[in-house]
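Trainee: Coordinates for the following, if possible.
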Amino acid sequence: MDGAQWLAACHAQPEKAFAQWEQAPFLARLPAGRRFDALRVHQPLGLTVLWELGDDAGKVPVLEEHAPPRPVFYILTQPGSADDWPQTQDDAVLLGAGTELSVPSPHADDITGVQQHTYMWRVPPDGSGRLADPDVLRAALDLARDTDRQAARIRAARSVFYGAKHARQK
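Mentor: Numbering: from 1, shown residues only. Sure thing, here's the model as predicted:
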């Protein structure tokens, strides 16, 4: 099973998800709570959460929405996670049963996304069903909210950026 098949299986009628991916705006509306829940965080916090997840960040599906006023990340996690998630947090909302998420096909190119809608996969699902562990995700979120850790992530990112820029100039 590939990522598109896995995602389509989230829909009550998987063939409808495939059909939605074939026509503008090339997005399928999938219910959360069935095969996944999704942590919705704004990009700055989301980048820090991914940094805190470390190696796991490249292994779990992450959808990015470039919507005004700032981009949003959706980190897919185990279904049912929203049942135990504190919903009083304005900066991080866990979408579960009763909500839907618009998603492009994992095989979609980002150019189509830019032209037709505001979504793109930062890390597409690979079909394995691997999702973020809710406890690990919550711990990463708690660490990401720490302002000292946010500053450290920014310093590390700048170091990598400026180091790579300096290496190209030699």
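Trainee: Quick one: residues contacting the closest residue in space to residue 72 that isn't next to it in sequence.
Mentor: The shortest distance from residue 72 to any non-neighbouring residue, by Cβ to Cβ, 6 or more residues apart in numbering, is to residue 65 (4.6 Å). Quick note: C-beta positions are derived from backbone N, CA and C, even for glycine. Residues in contact with residue 65 (Cβ atoms under 8 Å, 6 or more residues apart in numbering) are 71, 72, 73, 74, 118, 119.
Trainee: Separate out the buried members of those residues.
Mentor: By neighbour count, with 16 or more other Cβ atoms under 10 Å, the contacts of residue 65 hold 71, 72, 73, 74, 118, 119 as buried.
Trainee: how near is the residue nearest the centre of the chain to residue 144?
Mentor: By Cα atoms, centre = their mean, the chain has its centre lying nearest to residue 62, at 2.4 Å. Here the criterion is Cβ to Cβ, to the nearest Å. By it, residue 62 lies 14 Å from residue 144.
Trainee: before we move on, what SS does residue 29 have?
Mentor: Following DSSP: H, G, I helix; E, B strand; the rest coil, we place residue 29 in the strand state.
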